[in-house]
Each structure stands twice: as structure tokens, then as C-alpha cells.
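>>> build me a structure from this.
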Amino acid sequence: MTGTARILVLNCGSSSLKYQLFDGEQVVDKGVVERIGEPDGGPGDHAAALRSMAERVDLTGLAGVGHRVVHGGVRFAEPTLVTDQVVDEIERLVPLAPLHNPANLTGIAQARRLLPDVPQVAVFDTAFHRTLPPEQASYAIDADTAQRYGVRRYGFHGTSHAYVSRRTAAVLGRSPADVDVITLHLGNGASACAVAGGRSVATSMGLSPLEGLVMGTRSGDLDPAVVFHLERVAGWSSADVDRLLNQRSGLVGLAGAGDMREVLRRRDAGDPAARLAFDVYCARIRFYVGGYYALLGRVDAITFTAGVGENAAQVRAAALAGLDGLGIAVDPGRNDSGHGERRISPGDSPVQVWVVPTAEEYEIADQTRAVLGC
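Numbering: from 1, shown residues only. Predicted coordinates:
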């Protein structure tokens, strides 16, 4: 990160507000306000949550506020200074991210009221993936329909993939422009990304964050005919299917638990459902790693990040098992020990495997500084 200015980063969810305050490179305050708008004791709305935060956090001398915005569509390929016109354009993207963009917009609106003299910057999850080539961004459906309704691959977790791929290049002692890396962001939401020379060239999430890897409650890749089948045979509505695929699928659908720690505990205790969930989860990752290896043609490193990626050694080992022929291997001793940023592949492995903790707020602060020139 360059510059020494104070930057406040806000990540506003439907019922939560996460924040980090940066003074130069240092995080000087951070926290989360939860249960916003809920009847059992949380702040009444996001305005109250921001006021509560402002009472506890020293916001003097701010150079800017960086906001996480999930969906930037095709319009926003870079972090952008917030204006009334930008707000209107983000609002027009709500149909593409109905669960996320409205909350992000609420955070922007309330922060502008609370800090009217401080410039605000929107940093988009999708922006890093605007470099996807047409053959990766396009779905094979009627082109006019796709154009009219914005049906294409957008990709998500962009701030994480950007930070982690750049950091991987740094630990390899090379420029991002000279490195090809596969980044695996494995949290409650999960996505893979192929990064060639610092640019996203393929990613597993698509029109929405539902596509791709198996997640805590989301299905990931699925035959679209499943939707029509449930509508015809079970009489389900589109809302019923939406709830199934977003809230009752993934690990929770297969094992009854969406937290990988609980899945591992049950698997180790001999639960066959948990064993299947683990195997499906890891097999999907391995499928994408192999595909992205073929796409890139050369891979310098594979990097695990986010809650599961950083902490679940069993997942890392199983996800890359059997890929020795591609020069990909995990050293058991390195994988099962240590914390933080570390290499977990053997010393002579052609493809290095790393764990790099993600720092999305750090990336948002960095991009905010770049926009503001501070």
C-alpha cells in the first residue's frame, strides 16, 4: 500500500456493517455491527449502525471512505469516485445482485450523510474480472437475449483474487506480470480464478455468485434442467428453487452443516454424509485446478486463501491429490503446520503451492487511495 492517509473501509451487508480504519498501512480500528434492523436488540437501521460506529471510532482526518460493492456489471471496470450519477448506475445493477447491491447502496448513502465532506469510493467485486476474454465471459445462449438482459460471466471475490495473486507474485520474488497463478478463495462463498500476468482470464463464479465451486450453502455448478425438473415434478416456484440453490445446498445440503469445521468433525467421526460432502467439495476444486492449468498452459503457483483455504489442511491436501503428473503436490509436514503466509509444496515441486491470507479490506483501501491520489 502506498500513501499515509487515513482510509475508512466499509462493507455493508443486509443486516451487518463491517469496518476497518487504516492509518497508512496500519489497521488502527476494526469491527462489525450485526443484527441491524432485527427486532431483538440490534441497531434499527444502517444509519444508526454508522452513528454507533462513529461514536466509537476516531474518524477525524479521513482522506476517504472505500465501499465494497458486489456488482459493477460491465460499466465499472475500476474503483470509482462516488457521485449521484454513479449511485444511479449502481442502482440499475440491482437486478444482477438483488441480495447485495441494495445493502451496499445503503452503506454508501448513509456514509455520505454522516461524512458529507469526505470523498467516497466504490470498489467492485466484479472489476478484477473485466479482463476476462470473450470466450470466458460469454454463455452459449441466444446472443440478443444475452445482450439485452446482461447475461454473461461477471465473476466475484475480485478484491481477494487481486490481492492474493499479487501477493503470490511477491513471495515468488517476481513481478505479477511474469506470473501465472491459480487462486482458490475458499470461504462460505468460494471461487477459483486463473490469473495470467496479473489479469483475470477465467473465474468460476458467473452471472451471480452461485456458479462454480461447492460452497457453504450454495450448490455451485448445476445442470440448469434441475430447475425445470423441480418446477414440473414438484410444482416448485422460482423462489422455491432460489432458496434451495442459495440456502439449502452446498455443504449444508449434502451434510446438514455449512461450516467446514463441523463437516470435518463429522467426517472424522465416520458420518457418511459428511464424507460425501467433503469429497464432492474437493473434487470440484480439483476439476477447476486441472481446467485452469490447461487454460494457462503454465502455472507458477496455486494459492489457497479465505477461511477454509487458510485453515483446513485436509481440504488443501485432498483438493490437489493426484495432480503429481502436473507437477502439483502438497508436502504433508508443511501443510499440517504453521500459520499465516507459507509455502506448503515440496521444495522441488515445479508448481509451488502457497497459503496466503486474504486482505480484502486492505485491497479496498489501496484502491481507494489510488482513486484519490493519496
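>>> show me the shaky parts of the chain.
Scanning the chain with the threshold set as pLDDT under 70 gives 1-3, 40-42.
>>> now the lengthiest helix in the chain: buried residues?
Ranked by residue count and defined by DSSP state H, the top helix of the chain is helix 272-296. Residues of helix 272-296 classed as buried: 274-275, 277-278, 281-282, 284-286, 288-289, 292-293, 295-296 (neighbour count, 16 or more other C-beta atoms under 10 Å). Glycine gets a C-beta too; all of them are placed from N, C-alpha and C.
>>> from those, pick the one nearest residue 249.
residue 277 (10.8 Å; C-beta to C-beta).
>>> hmm, that closest one is touching residue 259, no?
No. Assessed by C-beta atoms under 8 Å, residue 277 is found out of contact with residue 259, at 11.3 Å.
>>> list residues touching both of these two?
residue 251 (C-beta atoms under 8 Å, 6 or more residues apart in numbering).
>>> residues in contact with stretch 174-182?
Stretch 174-182 has contacts (C-beta under 8 Å, 6+ apart) with 165-166, 168-169, 172, 192-198, 288-289, 292-293, 296-303.
>>> so which of those residues are in helices?
When DSSP H is applied, these are split such that 165-166, 168-169, 288-289, 292-293, 296 fall in helices.
>>> which of the residues you listed sits closest to residue 123?
residue 166 (15.0 Å).
>>> residues near the closest one, how many?
18 (other C-beta atoms under 10 Å).
>>> domains in this structure, as residue ranges please.
6-124, 174-355 (automatic domain parsing).
>>> these: which one's closest to residue 374?
Per C-beta to C-beta, nearest to residue 374 of the domains of the chain: domain 6-124, 4.7 Å.
>>> and the residue lying closest to residue 19 once chain neighbours are set aside, what helix or strand is that in?
Among residues not flanking residue 19 along the chain, residue 10 sits closest, at 5.4 Å (C-beta to C-beta, 6 or more residues apart in numbering). Using DSSP states H and E, residue 10 maps to strand 6-12.
>>> please apply the same query to residue 29.
Going by DSSP H and E, residue 29 is part of strand 26-33.
>>> what does residue 22 give?
Counting by DSSP H and E, residue 22 is found in strand 17-23.
>>> relative to strand 6-12, how tilted is that strand?
Computed by axes from the mean of the first three to the mean of the last three C-alpha atoms, to 10 degrees, the angle separating strand 17-23 from strand 6-12 equals 170 degrees.
>>> that concludes my questions; thank you for your assistance.
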